[in-house]
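In: Got a predicted model here, sequence first, then my questions.
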Amino acid sequence: MRIARVRLFRLRQELLHSFETSSHRKSGIEHVLVELTDEDGRTGWGEIASPSDPYFGAETTATAWEIATRYLVPALQGREGDTPTELESAWSRIRGNEFAKAGFSGAVWDLFARSREIALSEALGGTRAEVVAGVSLGIEPSIDDLLTQVALHRDAGYGRVKLKIAPGWDVEAVRAVRAAHPDLDLHVDANGAYPDDAESTQVFEMLDGEGLTMIEQPFEPRDLVAHSRLQARLATDVCLDESVVALGDLHTMLRLRAGRVLNIKVSRMGGLSIARTAHDIAVDAGIPVWCGGMHEFGIGRAANVAISSLPGFTLPSDVSGSDKYYAADIVDPPIIAVDGRVRVPRGPGIGHEVLVERIERAATRRFDSAAADAVHADVASG
């Protein structure tokens, strides 16, 4: 495979229901889509699923666009390789910027699988025909509103619900959901919002009695020692998310026993290759994994479904149907969940047709390496 052309599209889609975490509330999602074309005219698609604001991590949509156009496109343009890892080596000198790299990694893997006429899941080593999906619910204006959302998604067939928590929105909310749904596979995610102090520890000790599957990322990402201390006090598994970006972080997590579950986010870790390696390391260590999401559109969501088909993904992943978030998808058929399960596509690549014309019409910014001057082109939305 030799990369002959790279196109980028910055695209915003409104959420059907606004979503609040410990840091902020959002009503829409803006991601960058990556299209690679090889010298034989085949295309592969990826999604840079970075948040618009620097709350989850340092990267944003704006910084990802700059890194993509200034560094990743020139590194990959004209690059030749027989495998995804050979092409991914094009950006080995670029430090950080995992979200931007992940979008290009997804496109490389999709192109590779299409060139071999195999499914992306097969190319990655996946074994499942379907994956169990969970849903992530944000902080709501009231507990009654939260209970309404939980009931809505349980009725839709989802058996696992993750609740976002934050100081002041934790024990009472969780207990209300647990009382209403005593058999629910329930876990909580703090996104690192709690300080490492006695008051926070007391909160988590109270949550420890609510039959949670896990408590995800209670403390700030770099403080693995605090997570280790907390895990030693709790019967409930601690899950790490933002703390594990590089493989070295995973090894530190294992050595410190800072958690007993790993959330593998393809975007957070820099792409499908490193995410697959993290899966292998976790499996060898006896650590269950699941695939977290970043409100991906259909392209990134399809890649998440593909990697979730690997055998170590034994817990429900955030690969719920696109219709939970958006009025329309950018792939056909759209990704749907039936009774809380998503079918793993068997067609070439991500297994979905990318709706290119819709993307081109809706893009708010475009880049095309084939343009004579390769300049950024701002366009009116829609």
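Out: Perfect, I can see it now.
In: partners of the strand ranked longest in the chain, with directions?
Out: Using DSSP state E, we find that the single longest strand of the chain is strand 3-20. The sheet places strand 3-20 alongside strand 25-38 (antiparallel), strand 365-368 (antiparallel), with pairing taken from DSSP bridges.
In: so of the ones you listed, which one's packed in deepest?
Out: Looking across the strands paired with strand 3-20 with neighbours counted as mean count of other C-beta atoms under 10 Å, the highest average goes to strand 25-38: a mean of 20. Bear in mind the C-beta positions are built from the backbone N, C-alpha and C, glycine included.
In: Compute the inter-axis angle for the very next helix or strand once past it and strand 3-20.
Out: Following strand 25-38 in sequence order, the next helix or strand is strand 43-48 (DSSP states H and E). In terms of direction (axes from the mean of the first three to the mean of the last three C-alpha atoms, to 10 degrees), strand 43-48 departs from strand 3-20 by 40 degrees.
In: Which positions within the following helix or strand past strand 43-48 qualify as buried?
Out: Following strand 43-48 in sequence order, the next helix or strand is helix 61-67 (DSSP H and E). The neighbour-count criterion (16 or more other C-beta atoms under 10 Å) identifies 61, 63-65, 67 as the buried residues of helix 61-67.
In: for those, which one is nearest A129?
Out: Distances from A129 to the buried residues of helix 61-67, taken as C-beta to C-beta, are shortest for A64 (33.2 Å).
In: The closest one contacts S50, correct?
Out: Yes: assessed by C-beta atoms under 8 Å, A64 is found in contact with S50 at 4.5 Å.
In: ok, what's across the strand from I48?
Out: Under DSSP bridges, the beta-bridge partners of I48 are V32.
In: rewinding a little: of the strands paired with strand 3-20, which shows the lowest average pLDDT?
Out: Sorting these by mean pLDDT places strand 25-38 lowest, at a mean of 91.
In: for the chain, what are the low-confidence residue spans?
Out: 20, 22-23, 372-382 (pLDDT under 70).
In: biggest helix in it, by residue count?
Out: If you go by DSSP state H, the chain has its longest helix at helix 98-116.
In: what's the spacing between that helix and its chain's center?
Out: Centroid separation between helix 98-116 and its chain, computed with C-alpha atoms, centre = their mean, to the nearest Å, is 15 Å.
In: how about C291, what does it touch?
Out: 263-266, 304, 307-308, 313, 317-319 (C-beta atoms under 8 Å, 6 or more residues apart in numbering).
In: repeat for G138
Out: Neighbours of G138 in contact, by C-beta under 8 Å, 6+ apart: 18-21, 25, 164.
In: ok, back up a step: name the residues contacting each of A64 and S50.
Out: Each of 32, 99-100 lies in contact with both A64 and S50 under the rule C-beta under 8 Å, 6+ apart.
In: from those residues, which is closest to Y55?
Out: Using C-beta to C-beta, F99 is the member of those that lies nearest Y55, at 13.3 Å.
In: As a check, name the ranges of all strands in the stretch 201-350 of the chain.
Out: Ranges of strands in the stretch 201-350 of the chain, per DSSP state E, counting those that start in this stretch, are 215-216, 238-240, 261-264, 289-291, 331-332, 341-343.
In: all helices of this protein, in order?
Out: Taking DSSP H as the criterion, the chain carries its helices at 61-67, 73-76, 84-88, 98-116, 120-124, 143-155, 171-180, 198-207, 224-233, 247-256, 266-269, 272-285, 298-308, 356-362.
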